[in-house]
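Novice: Predicted model and sequence below, questions to follow.
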Amino acid sequence: MEEQVAYECEQLLGADEPQTINAYENLAVSYMQANRVVEAEKIMERFGLNLD
């Protein structure tokens, strides 16, 4: 579900929009909580996020 939200935000608003970045940040947090570290790191790198 979060994957779809992030993808749709990007398609509708663009990758640079704060709402899109926030959606991907939330997705990265969920990935980290689910031990999907590689996927989370890809998102963090793409958007320049730091989840500390």
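Specialist: Structure received. Just so you know, these numbers come straight off a predicted model, no measurement behind them.
Novice: Could you export the helix ranked longest in the chain as PDB, CA atoms only?
Specialist: If you go by DSSP state H, the chain has its longest helix at helix 18-33. The C-alpha coordinates for helix 18-33 follow below in PDB (Å, rounded to 0.1, in the frame of the first residue of the first chain):
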ATOM      1  CA  PRO A  18       7.800  17.600  -0.500                       C
ATOM      2  CA  GLN A  19       4.700  15.300  -0.400                       C
ATOM      3  CA  THR A  20       6.400  12.800  -2.600                       C
ATOM      4  CA  ILE A  21       9.600  12.900  -0.600                       C
ATOM      5  CA  ASN A  22       7.600  12.400   2.600                       C
ATOM      6  CA  ALA A  23       5.800   9.400   1.100                       C
ATOM      7  CA  TYR A  24       9.100   7.800   0.200                       C
ATOM      8  CA  GLU A  25      10.500   8.600   3.600                       C
ATOM      9  CA  ASN A  26       7.600   6.900   5.200                       C
ATOM     10  CA  LEU A  27       8.100   3.900   2.900                       C
ATOM     11  CA  ALA A  28      11.800   3.800   3.800                       C
ATOM     12  CA  VAL A  29      11.000   3.800   7.500                       C
ATOM     13  CA  SER A  30       8.500   0.900   7.000                       C
ATOM     14  CA  TYR A  31      11.200  -1.000   5.000                       C
ATOM     15  CA  MET A  32      13.700  -0.500   7.900                       C
ATOM     16  CA  GLN A  33      11.200  -1.800  10.400                       C
END
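Novice: Buried residues, the helix or strand just after that helix. List them.
Specialist: Next in sequence after helix 18-33, counting helices and strands by DSSP states H and E, comes helix 37-47. Buried residues in helix 37-47, counted by 16 or more other CB atoms under 10 Å: 40, 43-44. C-betas here are computed from N, CA, C, even on glycine.
Novice: helices and strands around whatever helix or strand Leu12 lives in, which ones?
Specialist: Assigning secondary structure by DSSP H and E places Leu12 in helix 2-13. Contacts defined by 3 or more CB pairs under 8 Å, 6 or more residues apart in numbering; DSSP states H and E place helix 2-13 against helix 18-33.
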